[in-house]
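# Compute the structure for the input listed below.
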Amino acid sequence: MPEPSNNLDVTKLASQLKVTRETFEKAFDVFADARPSEITRFKALAWRRQKREALDSGDLRDNADMLAALEYAKDKGFLGELCSAAGAMLFATPIDGTQGDGVVMAVALSSDEAARTSAQITFEAIINNKERFRDPDAVNAGLMRAQRCTCRVVVKQGASRIRGTGFLIGPRLVLTNWHVVRTLLEALPPEDAAAAKLGPAEAWRAKPGSAPLLSVEFDFTARAAQSGGVTSIPASTNWFVAASSAEGSEHAADENTGVPWPEDLAAFEPYDDFAILELIEPVGLDRRFYNIIDEEPPVPQGNMILLHHPGEYSMRLSYGSFNVDKKFAGLLGSTQARTNARVLHDANSISGSSGGPCLDLDMRPVALHQAGVEFDGNSDVLDDNGKPLRKAIINIAIPLRRVRQKAGAAIKFRMGDLLALKPIFLNGDPLIGRGELQESIAEACTGKVKILIVRADISSDGKPFRAVGKSFTRKVLKEHLDPAQHEVVEISAASLMQNAFRTAGAILDAVNLGLSAQLTPVDDKALLSERQSTEINDVVVRVVAELKAALIAAAGNRTLWIVIDDLEKHSLPDTSTRGLLDRLYADVSAEPSLRLVLLGLADVDLPSLQGIKAKKLDKPLTHLDGGRVALWIGHRVDGRFALPDAACECLAGLVASVAGGRINDSFSMTQAIAAVVKNDLDPHLKKRMGL
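Reported below is the predicted structural model:
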């Protein structure tokens, strides 16, 4: 093999850099330190370049510094060695018009001009231009991610169950086939379909009362099935998000009918056989969903993998290809497909596989498995009645780009703005768990909800627990809100123990001291309980109107968050204050610039809180339990080591064990776990991950 050449186009290499400044520095310094003669390290080179031409911090400066380092490496004779050994990590290059990752092969850096001209920085494999060298760690991590995202979809139908496969495309959203959940759907009335501008294929809605019949099962692997570790998640009450039905010739009875293919392939175009359902819990925040909205799925081509739940089997993996035998080409229009609504593949599947993700070999989802379309004889697999299932000889799938095109708006609306849990605070403290709170804050930012209620747990003596992590709740709230767009005002319930006028004044003074002067004065006697309720009501209505107007004015162009704390210590009196707050809940719910957070409220079922945009958060103490710590560790290493769930749970157990020996009267278990994670575990993870 020829030696790596130093005669390379530095400008072209610099334009293909795909890593951060920090990663480039580490790779560069490794080679600089390994040279026999004294070589300047990256920081010194960057400092010299900055002295010659001062640039502000940012991408422009980083790119200039890395270009200078590459020029220096070429001048000192180790550029070829650097690129040959670290090319896969440092560089990306266009492949077939797309941005891809690959390796710089030694021949591409050869001193042999003819060899280099034919292969220079092409990053393509030698035999198959569509397949590149892959990092096994990245493949393993991608496959484990897919495993955690994929679920079995279960639909109750009388005494039986319809089973299919699905996968996460949002914190709460699962994508599967329309035919898997079609028994739970009904067609929209024509007038509703017309109003929503939906064609016949998309004009569906959930049947009343269908939510309890639908659930999904994650972790349905052979090991989990034996140990009882399968995770079942119910569908939300409003579970239906979007759908597109199958074409008429598909699934006349079930997916193994072998019904003749339509002669006119245009018949497929309006129909995409998908359904998107919403779960009751945001499990995608922990499991990492596939964001097919912000990241357009690749075109299905080349080799592929199908992840699915065939029949009664636990999760299975089938290898195949989208480049199927030419004898099947006529199904989609001879050698040149005449429709992009379907794609053929030859990965093995049976009933129950419908809705499984089809992944390319970079472990990216590219299609939604739909069905077998040509059959020949019987397989060795039996159906629920003991009869052998027919053996498919070719399968079909729906490109995910079609789903994105048809349902993108609905997915984005339901998905919301929170795409990942925040793992650490700005000061470096770990933020472990509290996924429900983080999701709720994101929903409140967009106005999906206006009032957040952190319920106080009740102890065995019937009294609310104290020290339930409310300060942590306030910290999470502030961490998620940009001060340029949001203002958070905290007030203790102890300040709201008097009448409506004085309570309104206390709230306004918490926003801005002296703001209460804007209220029209009210004699305390006018709000005494012995006065006529109609008189008190008239006064309260006026005070609430003035309070609302003052809060809106104080908010200005920002969103004003009123946080009422200590509600577990100070129950609000049944005076005119309660009347004021009852009306304030409704006003906040209707006003775009106002939000209300109630911390420690025991009676979350107040009549005044019903029917408004409020969300109740329970059990705040669970934010640092063992499961949360395990998930946090999983997030820290996910995508780098592909650590199994069992290993994360083991690490979490060790953290809890070490933390248990550090607690004392002034250092709680919660604080101890956070300290161990921050001071002991996290530094080792960062070092191992090269951070």
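# Going by C-alpha atoms from here, please, whenever you check contacts or count neighbours.
OK.
# for the stretch 251-400 of the chain, which spans come out with low pLDDT?
Residues of the stretch 251-400 of the chain that meet the criterion pLDDT under 70 lie in 251-264, 329-331, 333-338, 374-392.
# can you give me the strands for it?
274-279, 303-308, 316-321, 343-345, 357-360, 365-382, 388-399 (DSSP state E, counting those that start in this stretch).
# Can you give the strand pairings for the shortest one, parallel or anti for each?
Just to be clear, that refers to strand 343-345. Sheet pairing of strand 343-345 (DSSP bridges) gives strand 388-399 (antiparallel).
# re the thing from before, redo the strands of the stretch 251-400 of the chain as TSV? Include mean neighbour count.
As requested, the strands of the stretch 251-400 of the chain are exported to TSV (neighbours: other Cα atoms under 10 Å):
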stretch	mean neighbour count
strand 274-279	26
strand 303-308	26
strand 316-321	16
strand 343-345	26
strand 357-360	26
strand 365-382	21
strand 388-399	21
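# right, so of these, which gets closest to Pro430?
strand 274-279 (27.2 Å; Cα to Cα).
# send the alpha carbons of the closest one over as CSV?
Below are the C-alpha coordinates for strand 274-279, written out as CSV (Å, rounded to 0.1, in the frame of the first residue of the first chain):
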residue,chain,number,x,y,z
PHE,A,274,-49.9,5.0,8.3
ALA,A,275,-51.3,6.1,11.6
ILE,A,276,-49.8,8.2,14.3
LEU,A,277,-51.0,7.7,17.9
GLU,A,278,-50.2,9.6,21.1
LEU,A,279,-49.2,7.9,24.4
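# Now find how far off-centre it is within its chain.
15 Å (Cα atoms, centre = their mean, to the nearest Å).
# so what strands line up beside that strand?
Strand 274-279 is paired, per DSSP bridges, with strand 173-176 (antiparallel), strand 231-244 (antiparallel).
# Just name the most buried of those.
Among those, strand 173-176 has the highest mean neighbour count (mean count of other Cα atoms under 10 Å), at a mean of 28.
# Outside of that one itself, list whatever touches it.
With contacts defined as Cα atoms under 8 Å, 6 or more residues apart in numbering, strand 173-176 is touched by 153, 164-169, 274-279, 284, 354-356, 368, 411, 415.
# returning to that earlier point: got JSON lines for the strands of the stretch 251-400 of the chain, with distance to Lys687 too?
Below are these laid out as JSON lines (distance: least, Cα to Cα, whole Å):
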{"stretch": "strand 274-279", "distance to Lys687": "37"}
{"stretch": "strand 303-308", "distance to Lys687": "33"}
{"stretch": "strand 316-321", "distance to Lys687": "34"}
{"stretch": "strand 343-345", "distance to Lys687": "42"}
{"stretch": "strand 357-360", "distance to Lys687": "31"}
{"stretch": "strand 365-382", "distance to Lys687": "31"}
{"stretch": "strand 388-399", "distance to Lys687": "40"}
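# Leu581 is nearest to which of those?
Nearest of the strands of the stretch 251-400 of the chain to Leu581, taken as Cα to Cα: strand 274-279 at 32.8 Å.
# Which of the strands of the stretch 251-400 of the chain sits closest to Ala553?
Here strand 274-279 is closest among the strands of the stretch 251-400 of the chain (Cα to Cα), at 37.7 Å.
# and of the strands paired with strand 274-279, who's closest to Leu198?
So among the strands paired with strand 274-279, strand 231-244 is nearest, using Cα to Cα, at 10.0 Å.
# what about the stretch 51-200 of the chain, any weak spots by pLDDT?
For the stretch 51-200 of the chain, the stretches flagged by pLDDT under 70 are 88, 93-133.
# show me where it has strands.
For the stretch 51-200 of the chain, the strands defined by DSSP E, counting those that start in this stretch cover 92-95, 98-101, 150-157, 160-168, 173-176, 185-187.
# which of those strands is buried the deepest?
Buried most deeply of these, by mean count of other Cα under 10 Å, is strand 173-176, with a mean of 28.
# would you put the C-alpha positions of that one in PDB?
In PDB, the C-alpha atoms belonging to strand 173-176 read as follows (Å, rounded to 0.1, in the frame of the first residue of the first chain):
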ATOM      1  CA  LEU A 173     -45.900   9.800  19.400                       C
ATOM      2  CA  VAL A 174     -45.800   6.400  17.800                       C
ATOM      3  CA  LEU A 175     -45.900   5.600  14.100                       C
ATOM      4  CA  THR A 176     -47.500   2.400  12.900                       C
END
